[in-house]
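[1] I'll drop the sequence and a predicted model, then ask my questions.
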Amino acid sequence: MIAVCCAAQTEGYKFYSKLDSVKASGFYNIEITPELSAHLKTDYSDVRIVNEGGKWIPHILHAPAYERTNHTLVWDLKFVIVENSEANTVIIIEKGESISSNIGLVITNTAAERFCTLSGSNDKNNWFVINDSILLNPVPGDSATENIFSISFPPNNYTFYKLVIHNNNKYPFNIKGVVKEGPVEYRPDLSGKFLDNPVTSILQKDSGKISYIKITQQQPYHFDNISLQLSGVKYYNRKVDLYIPYPDDHSFANPGQVLRSFTVSNNSTLKFNIPLTKAPALYLLINNEDNLPLTVKEVKTFCSNHYVTAYLDSGNNYTLIMDNEDAVMANYDLSELSSKLPGSVPFLQFGKITAFPENILPVKTEKKNNWLLWSSIVAALLILLFFTYKMLKEVDKRKTT
């Protein structure tokens with residue numbers, strides 16, 4: 001029964017890779033490299049760590065580019081007080097382009113109350129209301145001389161905020177600063193890291209007003225970023241459609257489904273974020289309109305860093321197993337404890353990726369049936385001798401007559 005249970009946890013997986021020996025018990029990270037991603041689904045539900053008995057070892061999947069933690073930080077925001085009178089206090093706050101749902105006013109201790117309005121803008125000329133009735137009633141601190149009054153509002157991505165505090169012929173608040181609270185978006189040790197996939201091959205065909213480019217990867221690696229190197233025209237601004245082939249019989253005339261559209265220009269970085277996908281080939285369709293076609297010299301695909309973390313015991317051997325179309329995301333207790341993991345976790349390397357024996361296609365060797373060949377030759381000779389004999393007898397009969 002134990003053997004059957006262990007086999008059930010590894011059945012259906014097509015490839016495996018041995019992990020390096022564990023020197024000391026503890027948590028370890030295993031980086032999902034392009035070599036591994038070629039054998040995994042994009043939700044990473046078919047990667048497992050197993051022990052020598054074939055049983056799953058709980059792990060956590062991390063994607064630092066998309067992660068948030070439970071820790072909250074406070075950022076100072078740039079602001080200008082354009083009016084500060086007994087009638088109104090008007091503050092222009094520069095927030096940036098990120099999504100936000102709160103600002104905080106650093107106010108010298110006071111027991112007064114005021115009403116205010118909050119508006120948003122992307123150019124400081126056109127303003128749009130966010131909340132037109134906010135009560136400011138800061139609570140003085142017990143020992144500190146200042147306190148932060150937080151204003152919450154629906155999430156938005158305005159670049160600037162305008163806060164108008166109605167003083168109603170009373171003295172204004174003494175506002176010392178403006179801040180924003182939010183979670184830590186990235187893990188500092190791996191944030192912003194992208195893994196380069198191996199070099200791609202490019203095939204381009206220019207037809208009419210459209211350039212068709214087929215990009216082929218060596219394997220179906222994961223990628224969520226793509227960069228282009230273009231030449232042929234000094235100044236350009238073109239729309240590009242990125243297609244993922246579907247179904248398998250794709251071509252320039254049938255490139256598949258649009259994944260994303262973007263614009264390339266001579267003054268852009270030519271690097272674009274796209275939804276995480278996996279494909280051995282992709283197509284770019286560049287709309288040239290009435291312009292000369294661009295030449296695509298190089299296309300690179302990248303994937304933001306992903307890795308799995310697991311607690312491993314020293315003296316035991318562990319293996320990564322992967323590539324199972326029927327696998328679903330495992331539900332481990334460890335996922336609830338991810339925020340309690342140590343800040344610095346060492347990485348563990350993996351070895352050669354190998355197919356399980358049952359997934360290696362057997363090579364058929366044809367047996368040399370020499371006896372059949374010689375039998376055919378002998379039969380042919382006998383038939384030839386028979387007809388020769390019949391022909392000689394027929395000749396003899398004609399001579400005698």
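    Structure received.
[2] Tell me how far residue 230 lies from residue 203.
    16 Å (Cβ to Cβ, to the nearest Å). Where C-beta positions appear, they are placed from N, C-alpha and C, glycine not excepted.
[3] Of those two, give the one with the bigger neighbour count.
    residue 230 (19 against 13; other Cβ atoms under 10 Å).
[4] How many neighbouring residues does the residue nearest to the more buried one when sequence neighbours are not counted have?
    Spatial nearest neighbour of residue 230, chain neighbours left out: residue 294 (4.9 Å); criterion: Cβ to Cβ, 6 or more residues apart in numbering. The burial metric for residue 294, expressed as a neighbour count using other Cβ under 10 Å, is 22.
[5] which residues touch residue 294?
    Contacts here follow Cβ atoms under 8 Å, 6 or more residues apart in numbering; on that basis residue 294 touches 211, 230, 231, 232, 233, 236, 238, 264, 286, 288.
[6] what residues are up against residue 235?
    Counting by Cβ under 8 Å, 6+ apart, the residues that residue 235 touches are residue 266.
[7] For it, grab phi and psi.
    When read as degrees, to the nearest 10, the backbone of residue 235 gives phi -120, psi 130.
[8] Show the pLDDT at it.
    Residue 235 is assigned 94 on the pLDDT scale.
[9] Grab the most central residue of this structure for me.
    Nearest residue to the geometric centre of the chain (Cα atoms, centre = their mean): residue 276, 3.6 Å.
[10] That one: which element?
    strand 271-278 (DSSP states H and E).
[11] pLDDT on that strand, on average?
    This predicted structure assigns strand 271-278 an average pLDDT of 92.
[12] picking that back up, among the contacts of residue 294, list the two that are farthest apart in space.
    Longest distance between any two of these is 14.1 Å, between 231 and 288; criterion Cβ to Cβ.
[13] Now do the helices in the chain.
    Applying DSSP state H to the chain gives helices spanning 2-10, 34-37, 370-400.
[14] Lowest average confidence across these, which one?
    Taking each of these in turn, the one with the lowest mean pLDDT is helix 2-10, at a mean of 52.
[15] one step back: buried among the contacts of residue 294? Make that a PyMOL selection.
    What follows is the PyMOL syntax selecting those of the contacts of residue 294 that are buried according to 16 or more other Cβ atoms under 10 Å:
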select buried, resi 211+230+236+238+264+286+288
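[16] From residue 202, how far off is the residue nearest to residue 230?
    Taken as Cβ to Cβ, the spacing of residue 294 relative to residue 202 amounts to 12 Å.
[17] With adjacent residues omitted, what lies nearest to residue 78?
    residue 94 (4.2 Å).
[18] Over to residue 151?
    residue 103 (5.4 Å).
[19] number of nearby residues for residue 350?
    Applying the criterion other Cβ under 10 Å, we find 18 residues in the vicinity of residue 350.
[20] pretty sure it is touching residue 39, no?
    No - between residue 350 and residue 39 there is no contact, the gap being 11.7 Å when judged by Cβ atoms under 8 Å.
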